[in-house]
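# Next come a sequence and a model predicted from it.
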Amino acid sequence: MTGPDLLAAGEDERLAPRSGVRRLMGRPELGALVGAAAVFLFFAVVTSTFITAGALGTVLYSASTIGIMAVPVALLMIGGEFDLSAGVLVTTAALASSMVSYQFTAVTWVGVAVSLLVTLGIGLFNGWVLTRTRLPSFIVTLGTFLMLTGANLGVTKLVDGTVATKSIADMQGYRSCAWLFAGSFTVGGLTVRATVWWWLGLVLAASWILLRTRFGNWIFAVGGDADAARAVGVPVGRTRIALYLGVGLCAWILGQHLLFSFDTVQSGEGVGNELIYIVAAVIGGCLITGGYGSAAGSALGAAIFGMTSKGIVYAQWDPDWFKFFLGAMLLLATLLNSWVRRRAERG
Amino acid sequence: MRRPLPFAAALAAALLLSGCSSTGGLRAEEAARSSAAAGGGSGVGTPRWTFAMVTHAGSGDSFWDTVRKGSEQAAAKDNITFVYSNDANTANQVQLVQAAVDQKVDGLIVTLAKGDAMKDVLARAEAAGIPVISINSGEQYAAKFGALTHVGQDESTAGKAAGAELRQRGRKNVLCVIHEQGNVGQEQRCNGAKADFGGPLQVLYVNGTDLPDAKAAIAAKLQADPSVDTVLTLSAPLAATALQAVTEAGRAGGSTETDTFDLSSQVVAGLQAGTVGFAVDQQPYLQGYEGVDLLWLYKYNLNVLGGGSPVATGPQILTRKDAPALAQYVARGTR
């Protein structure tokens, strides 16, 4: 359907119409879609539990808790930056909310609001230090990561006297917060948790921003070539800061979920999750070097991670090998992903 | 070298053949195991039930390996398909419990180290009609969350037992080494020890996942404070590390003593050599074994041991006189 024969003389070949199939093949998330389908089929065949409604609900929930953070991390990666503090920032968000509500005996919504300010503040700090100092984001956010890990523990111990926060389950506003951040409803045996809706909403919003707005173009431009972007008038610094604010916002959402589904928060948690978010974004087709990727891809990456981590449990494989299986599955999914993409590009 | 691979393989084979050790190694281990192995065949006529155990353990922890060995032995005896999973992250552990509920297992064994987080998922287990037993830590949550019973050791009680033993041994100044900053159970052990010891006891935080770093930290503290005459560690790997730190600080052979919670072959060797004063054992094998066996009893006969009050597996204080008898069980990994 395409080809030089369709082009009139003098027309730009980059503007030539492409077939639907070619357009689909060029999408960053195609490889992840194939990978996700393969993982799903695999566990549907080797386990008897995997495709029951209960198990699907658990898998979906597991994917959503990764996916909520994979969305902003993917956007950040398209913009050419990392955030290693994303994992512990979620714990910070939960701790801040819980401690503010408890210590000031406030309606839990107050804690929720203060927590948003805290996470946005930390996002702002990351972005601001990055743009002002021009240090690599790897170093800046590694610093924030270590500082937050220490502060989570230190502040909690200082305020609460122990390493976990006190239960806020009997406080005013708890029920409505729990409904919003940790509620669930059941359709035909399938329990859909609130995080799934948040996740879906974030993926849609991020896709719209990336594909339909000027800010989305800025993100691609900054990640592709920051100097060139600056030359054509893209506010590079502000774009990056906005991306870190996005990470703060999503960490806030997930942090509130952790708090309101478990009542208390362990201060030492979240370490290591930042890598899982990055992995989900990469499986979903984001280039580590920036300038390429999608939000829907990060969702597929999170789904692959969720299906694999729970599928291994449903398959009752020896848990000692869990991480090995997980790593092998992820490597296979990513290989399949890049193979499909190469075929598509050559296509 | 044009073909490095065959050459390397041949070299490795030659080294293995020529370098056989006449002591230790796998051969000695296998000999010990075959002499002490418990029989496996199931002796009950109940149907093959599936029990799942979900713990808060990190991977590759010798303590939890011993717990699993106990469970697997009981499962073999009771004709149970035993499924184990673990995750140190609270949210992930909850999801693993949910996965077990999804699979409609016949019984569930959980640890409640981060108890509050387990409330909802255990309610779902109860709604699904799955009996639950909790083991190890989290005694205070067990009854509240509908567990049939709890099998484990109360950390404060264990700490107090250690403190009483320290006082009886006439220790002067104790250093309690916490290797997981933020672990409530470890704080309770040190606080309990302090309460019943009565003398000066200070806490040192070290990084339990980086043993060389922990060793350096303990050694530095010993060098800085000559009045410390006892190091109390809260796990067996840390006890081995503390022993090295004592040597590194130039206190080996002196009056400095290491005492610990939990057992390992190094700890038993230390007990025999006199470098380790005593060990507070919570008998992890028993926690795993009883978890499975008590569930079986409930499924088979609706029995609940002690009517649901917690079953204590420790603290058991072990000293030099217990060491010789213990050695073989530690070597095969069941103590």
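Yep, it's here. Numbering: from 1, shown residues only, chains lettered A, B, ... in the order given.
# Around chain B, which positions in chain A sit nearby?
A:49, A:52, A:54-55, A:57-58, A:61-62, A:65, A:153, A:157, A:162-164, A:167, A:258, A:261-264, A:266-269, A:310, A:313-314, A:316, A:319-320, A:322-323 (C-beta under 8 Å from any C-beta of the partner chain). Heads up, the C-betas are built off the backbone N, CA and C, glycines and all.
# I would like a ChimeraX command selecting only the buried ones among the residues you listed, please.
Only the buried entries of those go into this ChimeraX selection, using 16 or more other C-beta atoms under 10 Å in any protein chain shown:
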select /A:49,52,54,55,57,58,61,62,65,153,157,163,164,258,261,262,263,264,266,267,268,269,310,313,314,316,319,322
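# Give me the subset of the residues of chain A next to chain B that lies in strands.
If you go by DSSP state E, those have nothing in strands.
# Filter the residues of chain A next to chain B down to the ones in helices?
Of those, the ones assigned to helices by DSSP state H are A:54-55, A:57-58, A:61-62, A:65, A:153, A:157, A:258, A:261-262, A:310, A:313-314, A:322-323.
# From chain A, how far off is B:T209?
To chain A, B:T209 is 11 Å away according to C-beta to the nearest C-beta, to the nearest Å.
# sorry, that was for B:G129
14 Å.
# which non-adjacent residue is nearest A:T133?
Spatial nearest neighbour of A:T133, chain neighbours left out: A:V140 (7.3 Å); criterion: C-beta to C-beta, 6 or more residues apart in numbering or on different chains.
# Quick check, that neighbour in contact with A:L130.
Yes. Counting by C-beta atoms under 8 Å, A:V140 sits close enough to A:L130 to count as a contact (5.1 Å).
# Looking at these two, which one has more neighbours?
Each of A:V140 and A:L130 has its neighbours counted (other C-beta atoms under 10 Å in any protein chain shown); A:V140 has more, 26 against 22.
# For the more buried one, give me its contacts.
By C-beta atoms under 8 Å, 6 or more residues apart in numbering or on different chains, the residues touching A:V140 are A:126, A:129-130, A:133.
# For the residue of the stretch 201-335 of chain B found nearest chain A, give the beta-bridge partners.
Nearest residue of the stretch 201-335 of chain B to chain A: B:Y205, at 10.0 Å (C-beta to the nearest C-beta). Bridge pairing for B:Y205 (DSSP bridges) gives the partners B:I178.
# Dump the contacts of A:V140 into JSON lines; add pLDDT as well.
Shown next, in JSON lines, are these (pLDDT from 0 to 100):
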{"residue": "A:N126", "pLDDT": "96"}
{"residue": "A:V129", "pLDDT": "96"}
{"residue": "A:L130", "pLDDT": "94"}
{"residue": "A:T133", "pLDDT": "94"}
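# Top of those residues by number of neighbours, please.
Most crowded among those, counting by other C-beta under 10 Å, is A:N126 at 30 neighbours.
# Show me what whichever strand or helix holds that one packs onto, helices and strands only.
Using DSSP states H and E, the element containing A:N126 is helix A:108-133. Contacts defined by 3 or more C-beta pairs under 8 Å, 6 or more residues apart in numbering or on different chains; DSSP states H and E place helix A:108-133 against helix A:86-103, helix A:137-160, helix A:174-182, helix A:236-262.
# between those helices, which gets nearest to B:I317?
Nearest of the helices and strands packed on helix A:108-133 to B:I317, taken as C-beta to C-beta: helix A:137-160 at 30.4 Å.
# buried sites along that closest one?
Those would be A:137, A:140-142, A:144-145, A:148-149, A:151-153, A:156-157, A:159-160, for helix A:137-160 by 16+ other C-beta under 10 Å.
# quick one: low-confidence parts of the stretch 151-300 of chain A?
Within the stretch 151-300 of chain A, the set of residues satisfying pLDDT under 70 is empty.
# Helix, strand or coil: sort out the residue most central in space within chain B for me.
Geometric centre of chain B, nearest residue: B:F63, 2.8 Å, by C-alpha atoms, centre = their mean. Recorded secondary structure, B:F63: helix (DSSP: H, G, I helix; E, B strand; the rest coil).
# In space, what's closest to it - neighbours in sequence excluded?
B:P284 (5.4 Å).
# got the contact list for that neighbour?
With C-beta under 8 Å, 6+ apart, B:P284 has these contacts: B:63-64, B:66-67, B:70, B:136, B:262, B:313.
# Any chance of JSON lines for the helices and strands packed on helix A:108-133, columns distance to B:T50?
Converted to JSON lines, the helices and strands packed on helix A:108-133 look like this (distance: least, C-beta to C-beta, whole Å):
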{"stretch": "helix A:86-103", "distance to B:T50": "34"}
{"stretch": "helix A:137-160", "distance to B:T50": "38"}
{"stretch": "helix A:174-182", "distance to B:T50": "29"}
{"stretch": "helix A:236-262", "distance to B:T50": "27"}
